[in-house]
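Novice: compute the structure for the input listed below.
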Amino acid sequence: MPVVWIIVILLALAVLGFGLGRRRAVASVGGDSRKLHSLPNFYGWNVAMFTAVPALLLMIVWAIAEPIFVESRVEHMIPASMMADGANLSLVMSDVRRVAGGLDLAVAQGVLSADEVAAMDASTTNLRGTLGSVGVALGSDVAPEVLAAAKGYRSMAGTAHLVMTVLALALALGGLGWSLRKTQGEFRARNMVETGIKSILILCSLIAIATTVGIILSMLFETANFFRQYSWTEFFFGTKWAPNFHGNSDLGMLPLLWGTLYISAISLAVAVPIGLFAAIYMSEYAGPKFRSVAKPLIEVLAGIPTIVYGLFALITVGPMLRDYFAQPMGLGQSGSSVMTAGLVMGIMIIPFVSSLSDDIINAVPQSLRDGSLGLGATKSETIRQVVLPAALPGIVGAVLLAASRAIGETMIVVLGAGAAAKLSVNPFEAMTTITVKIVSQLTGDTDFAAPETLVAFALGLTLFTITLGLNIFALFIVRKYREQYE
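Specialist: I've put the predicted structure just below:
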């Protein structure tokens, strides 16, 4: 049974439980709902909650644990002769998953029957062509061992899915029966529902936290594997970036870090003054009609795809800077440069500064403005000495968001700044950033256990640390000024 149908059945049982719970509660007090501890709907929601929520949570946990369990079992089905190390094992398992998914699609679309899949032999069947007909491309012919492992993968996954279906439905029916039995007039249904909602909200918070922890741990483990093969001193203090999958590589991150900070600094130098001044004008000087038109037009910049900004940098801004500034000043001959990417990225992040700063400035109490004006301050003095200091924590948050957006940008850098990793102070030279190299190192048919691939995780962890440092600094600024003005 497809997962969608299981969810539909669970929701239908929850709706049925709502009606039965409400009716049973009213019937338990002889039809006089005034004798109930809680409103009748609370009794219905209590039954619906115990019917659907535990079963849905079971399905979520099962969806996370099932692939891990199945793959650990399937790995033992792969002969040791097919893999020399962990990297080969991961590649073989990737083929196994792809073949298993293709067989599932073939059966679902009627191209193959379950009996044909069971009797399939890699040596006598055009498996590559069959799977290609359902949209699953294979780079080469499938080895018999891979096909056998894929069949085992499908079998175990199907069995696990069946077990999950039975357990989820049994848990839903058990929750329905138990909650109906507890439904009596004196039952504190409102308290139970409120506790259940609170628990769900706590669980959502824990999921967000667990996701962050999982991302950090995944980067830490792979970064540790990288530093087992490559010196951390050369990585953090090396000034040359030259990956070579067929020999020794120089993987010094300083050129990438310099390019990231250089481009981000230029973009912030463009976005922060323009965005902040625009926010001040719209919140303090502009009339309602102008504001109603100007603010949505500025926010449109945030909705433009970054590839469009990249093309704008490539065919318009880059050649203009080259022809009117770089070449006449003897600073460069290329349209791809740090200045090109920085200017275009600055335009892109203007809405992050202006829109958020505008909302924060408007949130400053009008009484502060009135008090300043009443003491004889001018409009500009009030803005400079009262409004902006009071709104500074929010403005710092807006700038931080813009900085994080600039540091994590990839497409504009690829098209506007090039891919050259170098240390230079010339803003009209081509450079690159950490995010661009993360993408390039993980793109293509590469050995995942090689340091040239694992370095992407070390770069990602470095980028995360930089962003974390920005957050800590912003928190320090926010707390300092919040104590002064609250």
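
Novice: how deep is Phe227 tucked in, by neighbour count?
Specialist: Counted with other CB atoms under 10 Å, residues neighbouring Phe227 total 14. Where you see a C-beta, it was placed from the backbone N, CA and C, and this is true even at glycine.

Novice: cool, and the one 5 residues further on?
Specialist: A count of neighbours around Trp232, defined by other CB under 10 Å, yields 11.

Novice: residue contacts, it?
Specialist: For Trp232, the contact set (CB atoms under 8 Å, 6 or more residues apart in numbering) is empty.

Novice: how about Glu409, phi and psi?
Specialist: phi -80, psi 140 (degrees, to the nearest 10).

Novice: just use 3 as the starting number from now, easier for me
Specialist: Got it, the first residue is 3 from now on, which makes the last one we talked about Glu411.

Novice: so it is in contact with Gly348, correct?
Specialist: No - between Glu411 and Gly348 there is no contact under CB atoms under 8 Å: 10.8 Å.

Novice: who touches both of the two?
Specialist: Here Glu411 and Gly348 have no joint contacts, going by CB under 8 Å, 6+ apart.

Novice: point out where the stretch 103-252 of the chain drops to low pLDDT.
Specialist: Along the stretch 103-252 of the chain, the model assigns pLDDT under 70 to residues 103, 106, 109, 111-147, 249.

Novice: tell me what the helix or strand where Val10 lies is packed against?
Specialist: Per DSSP states H and E, Val10 falls inside helix 5-30. Counting contacts by 3 or more CB pairs under 8 Å, 6 or more residues apart in numbering; DSSP states H and E, helix 5-30 packs against helix 42-77, helix 146-184.

Novice: by contact count, what packs against the helix or strand where Ala476 lies?
Specialist: Using DSSP H and E, Ala476 falls within helix 453-487. The contact analysis (3+ CB pairs under 8 Å, 6+ apart) places helix 453-487 against helix 191-231, strand 252-253, helix 256-282, helix 390-409, helix 436-443.

Novice: ok, back up a step: which parts of the helix holding Val10 are buried?
Specialist: Under the neighbour-count criterion of 16 or more other CB atoms under 10 Å, helix 5-30 has 8, 11-12, 15-16, 19-20, 22-24, 26-28, 30 buried.

Novice: hmm, who's touching the helix or strand harbouring Thr342?
Specialist: Taking DSSP H and E as the criterion, Thr342 maps to helix 340-350. The contact list for helix 340-350, computed with CB under 8 Å, 6+ apart, reads 261, 264-273, 276, 303-304, 306, 308, 311-312, 314-315, 319-320, 323, 327, 407-408, 411, 414-415, 418-419, 428-433.

Novice: and the angle from that helix to helix 256-282?
Specialist: 40 degrees (axes from the mean of the first three to the mean of the last three CA atoms, to 10 degrees).

Novice: helix or strand right after helix 340-350?
Specialist: helix 352-364.

Novice: contacts made by that next one with the rest, please.
Specialist: By CB under 8 Å, 6+ apart, helix 352-364 touches 272-274, 276-278, 280-282, 284-286, 297, 300-304, 389-390, 393, 395-397, 399-401, 403-404, 407.

Novice: next one: stretch 380-389
Specialist: Ile282, Glu286, Ile363, Val366, Leu370, Arg371, Gly373, Ser374, Leu375, Ala379.

Novice: can you give me the end-to-end distance of it?
Specialist: Distance across stretch 380-389, first residue to last, is 12 Å (CA to CA, to the nearest Å).

Novice: again with stretch 415-429
Specialist: 13 Å.

Novice: correct me, but Gly261 touches Ala432?
Specialist: No - if you go by CB under 8 Å, Gly261 and Ala432 don't touch, sitting 9.3 Å apart.

Novice: what is in contact with these two at once?
Specialist: Going by CB under 8 Å, 6+ apart, residues that sit against Gly261 and also against Ala432 are Val340, Ala419, Lys424.

Novice: quick one: which of the residues you listed is most hemmed in?
Specialist: When neighbours are counted by other CB under 10 Å, Ala419 leads those with 30 neighbours.

Novice: verify the stated contact: that one with Tyr264.
Specialist: No - Ala419 is beyond contact range of Tyr264, at 9.2 Å (criterion: CB under 8 Å).

Novice: need the overlap of contacts for the two.
Specialist: In contact with both Ala419 and Tyr264: Val340, Met433, using CB under 8 Å, 6+ apart.

Novice: which of the residues in the helix holding Ala476 are buried?
Specialist: By 16+ other CB under 10 Å, the buried positions in helix 453-487 come out as 453-465, 468, 472, 476, 479-480, 483.

Novice: so how far is Leu222 from Trp15?
Specialist: That one is not Trp; residue 15 is Leu. According to CB to CB, to the nearest Å, Leu15 stands 42 Å off from Leu222.

Novice: Thr167 too?
Specialist: Counting by CB to CB, the gap from Thr167 to Leu222 is 36 Å.

Novice: host element of the nearest residue in space to Ser336 that is not next to it in sequence?
Specialist: Distances taken as CB to CB, 6 or more residues apart in numbering place Ala432 nearest to Ser336, at 5.6 Å, with adjacent residues excluded. Ala432 belongs to no helix or strand when elements are defined using DSSP H and E.

Novice: quick check: phi and psi on Ala432?
Specialist: The phi/psi pair for Ala432 (degrees, to the nearest 10) is phi -80, psi 130.

Novice: switch the shared contacts of Gly261 and Ala432 over to CSV; also include pLDDT and distance to Gly179.
Specialist: Shown next, in CSV, are the shared contacts of Gly261 and Ala432 (pLDDT from 0 to 100; distance: CB to CB, whole Å):
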residue, pLDDT, distance to Gly179
Val340, 91, 67
Ala419, 86, 64
Lys424, 86, 70
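
Novice: and which of those is nearest to Leu38?
Specialist: Taking CB to CB as the measure, Ala419 is the one of those closest to Leu38, at 67.8 Å.

Novice: state the distance from the closest one to Ala304.
Specialist: According to CB to CB, Ala419 stands 21 Å off from Ala304.

Novice: next one: Val31
Specialist: 56 Å.

Novice: likewise Phe430?
Specialist: Distance from Phe430 to Ala304, by CB to CB: 28 Å.

Novice: looking at these two now, which is surrounded by more residues?
Specialist: For Phe430 and Ala304, the more surrounded residue by other CB under 10 Å is Phe430, and the numbers stand at 23 against 14.

Novice: any idea whether the more buried one is helix, strand or coil?
Specialist: coil (DSSP: H, G, I helix; E, B strand; the rest coil).

Novice: that one contacts Gly337, doesn't it?
Specialist: No - taking contacts as CB under 8 Å, Phe430 lies outside contact range of Gly337: 9.6 Å.

Novice: shared neighbours, the two?
Specialist: Leu323, Arg324.

Novice: count of neighbours near the closest residue to Glu286 other than its chain neighbours?
Specialist: Nearest residue to Glu286, sequence neighbours excluded (CB to CB, 6+ apart): Ile385, at 5.7 Å. For Ile385, the number of neighbouring residues by other CB under 10 Å comes to 20.

Novice: can you check Gly104 too?
Specialist: Per other CB under 10 Å, the neighbour tally for Gly104 reads 25.

Novice: hang on, the earlier thing: quick one, the helix holding Val10 and helix 146-184 angle?
Specialist: Using the same axes, to 10 degrees: helix 5-30 against helix 146-184 is 10 degrees.

Novice: pick out whichever of the shared contacts of Gly261 and Ala432 sits closest to Arg230.
Specialist: Lys424 (28.4 Å).
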